[in-house]
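A.B. asks: Here's my sequence, what's the structure:
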Amino acid sequence: VGEINPRFTQSLKDIGADVYDVRLESLFTRVQYNYKGKYLFSGVFRRDGSSKFGPRNKYGYFPSGSIGWNVTDESFLQDHPWINSLKLRASYGIIGNDRINDFGYVSRLSGEATYVNNSEVTIDDLLYGVAEGVVSNPDIVWEKQKTGNVGFDASLFDNKFSVSFDAYSKKTEDLLISAQASGLIGAAAPGSGTPIINAGTVENKGLELKLGYSDQFSDNFKFDIGFNVSYLHNEVLFVESDNGFINAGEYGVGLGINTSRMEAGFPLGYFYGYETDGIYQTYQELVELNASAPDGVYHEGASAGDLKFVDKNGNGYIDAGDKTYIGDPIPEYTMGFNLGFTYKNFDFSSSAFASIGNDMVRDYERKDLRANIGAYMLDRWQGSGTSNSVPRAESGASINRDNFSDFQVEDASFLRLQNVQLGYTLNPEITEKFGVDKFRIYISGNNLLTISDYFGYDPSASSGDPVAAGIDKGFYPVAKSYLLGVNINF
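C.D. replies: Modelled structure (predicted):
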């Protein structure tokens, strides 16, 4: 039997490396009122405390309330021929978020450093020690999500049809993210990192509609179908920054180019780069543009076959001031669909999901011509008139891959068949002879089909960073899976 290597040696325990102190304390009070089942009220007040914030900001206070009206309990809707139930509702509430790393409000010696006095002769003379870790921010506070909602639920035609509708607004204040910071404060040192900050305010407004139908056509056949669709408008309202925006995301390797921004008036984490307008077809085209440029150079480094950037600021040449909105990773619409039925001892269910309007950055390709690249390069520019969408093939430096533009941004809308399952349940008269109440065998498949124009493996993938979402640096594809199973109840 091999030796067990403990995670913490005694020397680490002596300095407290095996001790974690993360605490959450919550107190709440609730009031509920129900008048004859028609008029409903609920109110909650919470006081939450988290050890992830400093002593001055440890506690947050979060009220919420909701009202409801069962309209079909009123005399004017009782015994209605096709409205079985109708409920109107409204709610408003504030909830807190403390999902950040521990001890972000205080500086800790969790970094690494090598100390020198300029008298070292060999590497053994260097002094290795600890240094300040992640840069602290003692002023971070609870992130607050203020959500308002109005809607209704209805059942119609002998409860065969169901309808739910919601209109909502969710405003997130004091958004918690990792800030960009200069390396001069030590944020790039080993074991260090940028501080957590309250970045600003983001608002989501949307509509949700859910429809369902379920019916028992006979003793042997039951059918149900459902569909839901959501519309979302996302906009940043305020940014806690001197220049009015926060950059995030990274394009390429070592290029120092950000892909995304948080800026008032735009979606959270929108893509910021150059808009393109085709391909430079000939050298003469560039000569003519250079002749009209203020300094005789319209697009520095450009050659025939390269992407043609748009002069958005109108100064007569291409520069960093021409960068603009070129997409965002937030879907405008999402949809869900489910279908199921039972026929005698057979049962079937399926579900699908669609996301429409979300973009993704294609950032998993190498510049090396010998490396794999998308099949779209077969349609590349190879001479005047051969292509006006895909630039020439090149290795090394080029304006096409050393700059972030809408050429690297793709529509990542998709439709995915998430699950299909078919089952069969044996007749209870047979299974009870063996002391089994229910015996069901089934086969199911997950992620069987994804329809999308996106070149990458997974149009639904994301890093989880709210300001740098939708950047594909080589996400693994979602695996298809097949399952054969048995359910036995005794």
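A.B. asks: what's stretch 336-350 in contact with?
C.D. replies: Contact with stretch 336-350 is made by 220-229, 351-354, 417, 419-427, 442, as judged by Cβ atoms under 8 Å, 6 or more residues apart in numbering. All C-beta atoms are positioned from the backbone trio N, CA, C, and that covers glycine.
A.B. asks: Grab the CA positions of the lengthiest strand in the chain and hand them over as CSV.
C.D. replies: If you go by DSSP state E, the chain has its longest strand at strand 221-239. Only the C-alpha atoms of strand 221-239 are listed here, as CSV (Å, rounded to 0.1, in the frame of the first residue of the first chain):
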residue,chain,number,x,y,z
PHE,A,221,-53.0,8.3,-25.6
LYS,A,222,-51.9,11.5,-23.9
PHE,A,223,-50.2,14.4,-25.6
ASP,A,224,-48.4,17.5,-24.4
ILE,A,225,-46.5,20.3,-26.1
GLY,A,226,-44.9,23.5,-24.8
PHE,A,227,-43.1,26.5,-26.2
ASN,A,228,-41.5,29.5,-24.6
VAL,A,229,-39.8,32.6,-26.0
SER,A,230,-37.9,35.4,-24.3
TYR,A,231,-36.8,38.8,-25.6
LEU,A,232,-33.9,40.6,-23.8
HIS,A,233,-32.6,44.2,-24.2
ASN,A,234,-29.3,44.6,-22.2
GLU,A,235,-27.7,48.0,-21.7
VAL,A,236,-25.0,49.5,-19.5
LEU,A,237,-26.3,52.6,-17.7
PHE,A,238,-23.3,53.7,-15.8
VAL,A,239,-19.6,52.8,-15.6
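A.B. asks: what is the rounded mean pLDDT of that strand?
C.D. replies: Rounded to a whole number, the mean pLDDT of strand 221-239 is 96.
A.B. asks: and residue 431, what element?
C.D. replies: Secondary-structure assignment from DSSP states H and E places residue 431 in helix 428-431.
A.B. asks: I'd like the next helix or strand past that helix.
C.D. replies: That would be, after helix 428-431 and using DSSP H and E, strand 438-452.
A.B. asks: pLDDT averaged over that next one - what is it?
C.D. replies: Mean pLDDT, computed over strand 438-452, is 95.
A.B. asks: contacts for the helix or strand following it?
C.D. replies: Moving toward the C-terminus from strand 438-452, the next helix or strand (DSSP H and E) is strand 471-472. Outside strand 471-472, the residues that touch it by Cβ under 8 Å, 6+ apart are 249-251, 259-260, 360-364, 456, 458, 461, 463.
A.B. asks: where's strand 471-472 relative to the chain centroid, distance-wise?
C.D. replies: 11 Å (Cα atoms, centre = their mean, to the nearest Å).
A.B. asks: which sections of the stretch 151-300 of the chain are below the confidence cut-off?
C.D. replies: Along the stretch 151-300 of the chain, segments meeting pLDDT under 70 span 181-188.
A.B. asks: Could you rerun that using 90?
C.D. replies: The model of the stretch 151-300 of the chain has pLDDT under 90 over residues 177-195, 199, 240-244, 252-256.
A.B. asks: what ranges do the strands span in the stretch 251-400 of the chain?
C.D. replies: For the stretch 251-400 of the chain, the strands defined by DSSP state E, counting those that start in this stretch occupy 260-263, 270-273, 276-279, 307-309, 324-325, 333-343, 346-356, 359-362.
A.B. asks: what's the fourth one in contact with?
C.D. replies: Applying Cβ under 8 Å, 6+ apart, the external contacts of strand 307-309 come out as 274-280, 299, 302, 318, 322, 391, 399-400, 403, 405, 407.
A.B. asks: one step back: in its sheet, what does the helix or strand just after the longest strand of the chain sit against?
C.D. replies: Counting by DSSP H and E, the element after strand 221-239 in chain order, helix or strand, is strand 245-248. Sheet partners assigned to strand 245-248 using DSSP bridges are listed as strand 260-263 (antiparallel).
A.B. asks: Quickly note the distance from residue 124 to residue 374.
C.D. replies: Distance, residue 124 to residue 374, by Cβ to Cβ, to the nearest Å: 50 Å.
A.B. asks: Those two: which is more packed in?
C.D. replies: Neighbours were counted for residue 124 and for residue 374 using other Cβ atoms under 10 Å; residue 374 has more, 13 against 6.
A.B. asks: Would you mind listing the residues in contact with the residue nearest to that one when sequence neighbours are not counted?
C.D. replies: Spatially, and ignoring its direct neighbours in sequence, residue 374 is nearest to residue 455 (4.8 Å; Cβ to Cβ, 6 or more residues apart in numbering). If you count contacts by Cβ under 8 Å, 6+ apart, residue 455 has them with 362, 374, 376, 410.
A.B. asks: What of residue 153?
C.D. replies: 85, 86, 87, 89, 162, 163, 164.
A.B. asks: mind running it again at 10 Å?
C.D. replies: Contact analysis of residue 153 by Cβ atoms under 10 Å, 6 or more residues apart in numbering lists 68, 70, 85-89, 162-166, 210.
A.B. asks: Please apply the same query to residue 55.
C.D. replies: 105, 106, 138.
A.B. asks: is it fair to say it lies in a helix?
C.D. replies: No. With DSSP: H, G, I helix; E, B strand; the rest coil as the criterion, residue 55 is assigned coil and is not in a helix.
A.B. asks: what's the distance between it and residue 139?
C.D. replies: Residue 55 sits 12 Å away from residue 139, going by Cβ to Cβ.
A.B. asks: Give the buried residues for stretch 151-171.
C.D. replies: By neighbour count on 16 or more other Cβ atoms under 10 Å, the buried set for stretch 151-171 is 151, 152, 153, 154, 155, 156, 161, 162, 166, 168, 170, 171.
A.B. asks: what about that stretch, how long is it end to end?
C.D. replies: With Cα to Cα, to the nearest Å as the measure, stretch 151-171 spans 18 Å from end to end.
A.B. asks: same deal with stretch 246-262?
C.D. replies: Using Cα to Cα, one end of stretch 246-262 lies 5 Å from the other.
A.B. asks: Also stretch 311-321?
C.D. replies: This stretch, stretch 311-321, spans 9 Å end to end (Cα to Cα).
A.B. asks: How about stretch 269-287?
C.D. replies: End-to-end distance of stretch 269-287 (Cα to Cα): 37 Å.
A.B. asks: What residues sit buried inside that stretch?
C.D. replies: For stretch 269-287, the neighbour count (16+ other Cβ under 10 Å) marks 269-276, 279-281, 285-286 as buried.
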